[in-house]
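Participant: after the sequence you'll find the predicted model.
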Amino acid sequence: MADDYFEYRHTVGFEETNLVGNVYYVNYLRWQGRCRELFLQQKAPDVLAEVQADLKLFTLKVDCEFFAEITAFDELSIRMRLSELGQTQLEFTFDYVKVTGGAEVLIARGRQRIACMRGPNTNTVPSRIPDGLARALEPYGAQSRALAGRTA
């Protein structure tokens, strides 16, 4: 069976750490955004065309809980899963896994809630999640909810 997550692989760089070598908190949030962008590019390119038109994907809420430290040159797998799919909003979870050789250690877990909106910046209104996005997300969790009538 295929993995139930979309994966973004990342090598931590010096610029992402502080003076004592630990990764800045904001980078975990940046990696969530990067993972989401790469998902759209690779799995839902038709949605990118809608974003270039008038679709806006607003991040409503983001968080991250830490279990272990990472430093420069650590290899990470950021694994995005769909945890909720509603009419106009969706929520992702992110597992941050340190990969060393064949060993994997969960170092952090995050969440991100997104709202779909359309219209000019001064007058945006909630919009239904594009069908192309819902279809692209099916393999990454909440499969039964994705197809059986969306709520919220």
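Facilitator: Received the coordinates, thanks.
Participant: please count neighbours and contacts with C-alpha atoms only from this point.
Facilitator: Fine.
Participant: for stretch 63-75, which positions count as buried?
Facilitator: By neighbour count, with 16 or more other C-alpha atoms under 10 Å as the criterion, the buried positions of stretch 63-75 are 64, 70-72, 75.
Participant: relative to Glu50, which of these is nearest.
Facilitator: Among those, Cys64 lies closest to Glu50 (C-alpha to C-alpha), at 28.7 Å.
Participant: what helix or strand is the closest one located in?
Facilitator: strand 55-66 (DSSP states H and E).
Participant: and the helix or strand where Leu29 lies, what does it pack onto?
Facilitator: Element membership for Leu29, per DSSP H and E: helix 25-43. If you count contacts as 3 or more C-alpha pairs under 8 Å, 6 or more residues apart in numbering; DSSP states H and E, helix 25-43 packs onto strand 6-11, helix 45-53, strand 55-66, strand 75-85.
Participant: sheet-wise, list the partners of the last one with their directions.
Facilitator: Under the criterion DSSP bridges, strand 75-85 sits next to strand 6-11 (antiparallel), strand 89-100 (antiparallel) in its sheet.
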